[in-house]
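Peer 1: next comes the sequence, and after it the predicted model I'd like to discuss.
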Amino acid sequence: MSEIFDKQATLAGLSLGKITEYKETYSPELLQAVPRSMNRVELNLTTELPFHGTDRWNGYELSWLNPKGKPQVVIMRCEVPVSSPNLVESKSFKLYLNSFNQSYFDSIEAVSEALTKDLSRCAGKQVDIALFKPAEFSQMQIASFDALSIDDLDIEVNDYQLEPSNLTVGSEQVEETLSSDLLKSNCLITNQPDWGSVLIRYQGQQINHEGLLRYLISFRQHNEFHEQCVERIFCDIMTQCKPNKLSVYARYTRRGGLDINPFRSNFEQIYPEGRLARQ
């Protein structure tokens, strides 16, 4: 009961879903943390994590003033390790970045230092920040997952409630990379839709493609934060299908100038950046 109370108290204290004031001068206190344990207890992730990875954030609306008052713009990439005790709440992240708009910074290095310090404090562990100047924007090409899409399977769907039992395997041992653009879940607090694409790379008994697609579609009315959904997908596949190796990588459509891309794996590192068309 105390765990439920703590979860409710944590969510009630967030600015998400509430009318908020937009500050245009540097305000690191706007950042809000959500304990990862809030969801991991439910997934029985209470000891050593079965995966490593990162929450990769891309920020497209970061601007500040140089000492002469001239606006500067960059694209930000922030990597929050899964081993951090907290995830960064997305609305507070947006509000925080907006607070740079009318703030003076001596250099891009000073902005990077402020971002690193503030976001590391919020996450509870060191985050990595990269800032890309306009001259580098052309390098950020639209890409697509290098995977077999399962979205063209002609299946009938009549249940949109989360159902891990859709996940089944056959006897053949395979190594394959699958993808779907049909992932949709809802914000835990506001119920706003979160649209995403997901890549699943694994080695083991072949996962039934139709069942996997039904499982991913079953998130359609599920309420959970992005990071939590990806960890749930990883844990459900491990429990139901027991692959030897598994990576789950979701790329979510941006909202408020931010997209989030959680990556969880038990055998490899996150792939090189390649923004999807919906991002």
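Peer 2: Received the coordinates, thanks. Numbering: from 1, shown residues only.

Peer 1: just name the shakiest helix or strand of the chain by mean pLDDT.
Peer 2: Every helix and strand of the chain was ranked by mean pLDDT, DSSP states H and E. The lowest is helix 2-12, at a mean of 55.

Peer 1: next, the buried residues of the helix or strand just after that helix.
Peer 2: Remark: after helix 2-12, the chain's next helix or strand is strand 33-35, criterion DSSP states H and E. Of the residues in strand 33-35, 33, 34 count as buried by neighbour count, 16 or more other Cβ atoms under 10 Å. Heads up, the C-betas are built off the backbone N, CA and C, glycines and all.

Peer 1: tabulate the CA atom coordinates of the longest strand along the chain in PDB.
Peer 2: The single longest strand within the chain, with elements called by DSSP state E, is strand 169-186. The C-alpha trace of strand 169-186 is given here as PDB (Å, rounded to 0.1, in the frame of the first residue of the first chain):
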ATOM      1  CA  VAL A 169       7.900 -19.000 -30.200                       C
ATOM      2  CA  GLY A 170       8.500 -21.800 -32.600                       C
ATOM      3  CA  SER A 171      11.200 -24.500 -32.500                       C
ATOM      4  CA  GLU A 172      13.600 -23.000 -35.100                       C
ATOM      5  CA  GLN A 173      16.700 -21.100 -33.800                       C
ATOM      6  CA  VAL A 174      17.100 -17.800 -35.500                       C
ATOM      7  CA  GLU A 175      18.900 -14.400 -35.300                       C
ATOM      8  CA  GLU A 176      16.700 -11.700 -36.700                       C
ATOM      9  CA  THR A 177      15.900  -8.000 -36.500                       C
ATOM     10  CA  LEU A 178      12.200  -7.000 -36.600                       C
ATOM     11  CA  SER A 179      10.500  -3.600 -36.600                       C
ATOM     12  CA  SER A 180       7.000  -2.000 -36.300                       C
ATOM     13  CA  ASP A 181       5.700   1.500 -36.800                       C
ATOM     14  CA  LEU A 182       2.500   0.600 -35.000                       C
ATOM     15  CA  LEU A 183       3.500   1.200 -31.400                       C
ATOM     16  CA  LYS A 184       1.200   3.600 -29.600                       C
ATOM     17  CA  SER A 185       0.800   4.000 -25.900                       C
ATOM     18  CA  ASN A 186      -0.600   6.800 -23.700                       C
END
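
Peer 1: and stretch 237-256, end to end?
Peer 2: 31 Å (Cα to Cα, to the nearest Å).

Peer 1: for the record, mean pLDDT for it?
Peer 2: Averaging pLDDT along stretch 237-256 gives 97.

Peer 1: before we move on, back to that, just the buried residues of the longest strand of the chain, please?
Peer 2: So for strand 169-186, counting by 16+ other Cβ under 10 Å, buried means 169, 178, 179, 180, 181, 182, 183, 184, 185, 186.

Peer 1: what does stretch 122-142 give?
Peer 2: Within stretch 122-142, the residues scored as buried using 16+ other Cβ under 10 Å are 122, 123, 124, 127, 129, 131, 132.

Peer 1: what sits against the closest residue to the second one other than its chain neighbours?
Peer 2: When you say that, I think you mean residue 123. Of all residues not flanking residue 123 in the chain, residue 84 sits nearest, at 4.0 Å (Cβ to Cβ, 6 or more residues apart in numbering). Shown in contact with residue 84 (Cβ atoms under 8 Å, 6 or more residues apart in numbering): 36, 123, 124, 125, 127.

Peer 1: also residue 27?
Peer 2: Contacts of residue 27 (Cβ under 8 Å, 6+ apart): 95, 96, 99.

Peer 1: pick the one among the residues you listed closest to residue 222.
Peer 2: Proximity to residue 222 was ranked across these by Cβ to Cβ; first place goes to residue 95, at 25.9 Å.
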